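3D, please:
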Amino acid sequence: MSDSGPVGHEPDPVRAVDGEPNPVRPGADEPEATRPVVEKQEATGRANDEPAGHNAQVRAWMRLRRGAKRRPWLGWALVVGVGGLLVIVLWLLRTRVPESFPPSSVEVVEQTLPPLGAYTFYFGNPEATGLQREVRFLPRFGELEVDARNVIEALFEGSLAGGRSPWPHEATVQDIFVSGSGVLFVNFGGSVRWLSLRGDLMEWVLAGSLTRSLCENFPDLRGVRILIDGESTGRLGAQVSLEWVLTPAMFTEAP
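Reported below is the predicted structural model:
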């Protein structure tokens, strides 16, 4: 009896007689021409088994590289933008207003205004019979010559209470000083001589307005002398001599 098995039954190509593995590899009997095709198909199958996410990352990275090569100006634009922003921030920090300023090393001199003082002024009354009194407030500097000049210039401005002013608009004070005997010398410009054309009363009003306003505001004065352009001789108008020391008692009643 033959060991090859039943008639008509072909032996298993994988297993041999008695159940032992057949050492012949499957496909060994395939022709040599078909083996490269099989190996290519197996390689393609292994490539298809790789994760899809990995392939997507590779494709995205390739697109970024191609985009960077096509648009190189984007990098320079980013550098310029960052540099400009830094310059703006530095400028804002340098120009920021400080919360408090440091104390100044320069000594500040406080300028205080002099106090106001009540001064008495005399002008001719509306009836032309004498002098009328009015009070005005002026700064008091505490220096006789300065305060006396301010009083005379206030007389030039005229009365604020309806009195008659004997002073011409062109009247000026050229100089003023106090002698050692307490007499105040006032040197006027020549415009005050026009009083000789207005009569004796206005000449008296001018001399009395000046003398009483000065002597009552500055009690230390003994009297007043009038000078015209530096001259101390002659007359103011027709009656008042420039050589007289004028006192308030001379102008209590109108002539």
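
show me the strands in the stretch 151-255 of the chain, by range?
Here the stretch 151-255 of the chain has its strands, by DSSP state E, counting those that start in this stretch, at 173-178, 183-188, 223-228.

what's the domain layout of this protein?
Annotated domains of the chain cover 24-79, 116-251 [automatic domain parsing].

quick one on the thing from earlier: just send the strands of the stretch 151-255 of the chain back as CSV, with distance to residue 153, mean pLDDT and mean neighbour count too.
(C-beta placed from N, C-alpha, C; glycine too.) As requested, those are exported to CSV (distance: least, CB to CB, whole Å; pLDDT from 0 to 100; neighbours: other CB atoms under 10 Å):
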stretch, distance to residue 153, mean pLDDT, mean neighbour count
strand 173-178, 7, 94, 14
strand 183-188, 11, 96, 19
strand 223-228, 16, 96, 20
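
so for residue 78, which of those sits nearest?
Taking CB to CB, strand 173-178 is the member of these nearest to residue 78, at 80.1 Å.

so which of the strands of the stretch 151-255 of the chain comes closest to residue 127?
Comparing those under CB to CB, the one sitting nearest is strand 223-228, at 25.3 Å.

got the angle for that closest one vs strand 173-178?
Here the directions of strand 223-228 and strand 173-178 differ by 150 degrees (axes from the mean of the first three to the mean of the last three CA atoms, to 10 degrees).

now strand 223-228 against strand 183-188, angle please.
Strand 223-228 and strand 183-188 are oriented at 20 degrees to each other (the same axes, to 10 degrees).

residue 128 - how many residues pack around it?
Residue 128 has 12 neighbouring residues, counting by other CB atoms under 10 Å.

and the nearest residue to it once chain neighbours are set aside, how far is that from residue 167?
In this structure, residue 128 finds its nearest non-sequential neighbour in residue 201, 6.2 Å apart by CB to CB, 6 or more residues apart in numbering. Going from residue 201 to residue 167 by CB to CB, to the nearest Å gives 14 Å.

which of these two has more neighbours?
residue 167 (21 against 18).

who's in contact with that one?
For residue 167, the contacting residues are 155-156, 158, 192, 206, 209, by CB atoms under 8 Å, 6 or more residues apart in numbering.

assign a three-state SS to residue 86, would you?
Recorded secondary structure, residue 86: helix (DSSP: H, G, I helix; E, B strand; the rest coil).

okay, it: pLDDT?
You'll see residue 86 listed with a pLDDT of 82.

what does residue 90 give?
pLDDT for residue 90: 77.

any idea of the pLDDT on the nearest residue to residue 162 once chain neighbours are set aside?
In space, and not counting its chain neighbours, residue 162 is closest to residue 126: 6.1 Å by CB to CB, 6+ apart. With respect to pLDDT, residue 126 has a value of 90.

distance of residue 126 from residue 148?
Residue 126 is 27 Å from residue 148, by CB to CB.

how about the helices in the stretch 151-255 of the chain?
200-217 (DSSP state H, counting those that start in this stretch).

residue 239 against residue 201, yeah?
No - using CB atoms under 8 Å, residue 239 is not in contact with residue 201; the gap is 9.9 Å.
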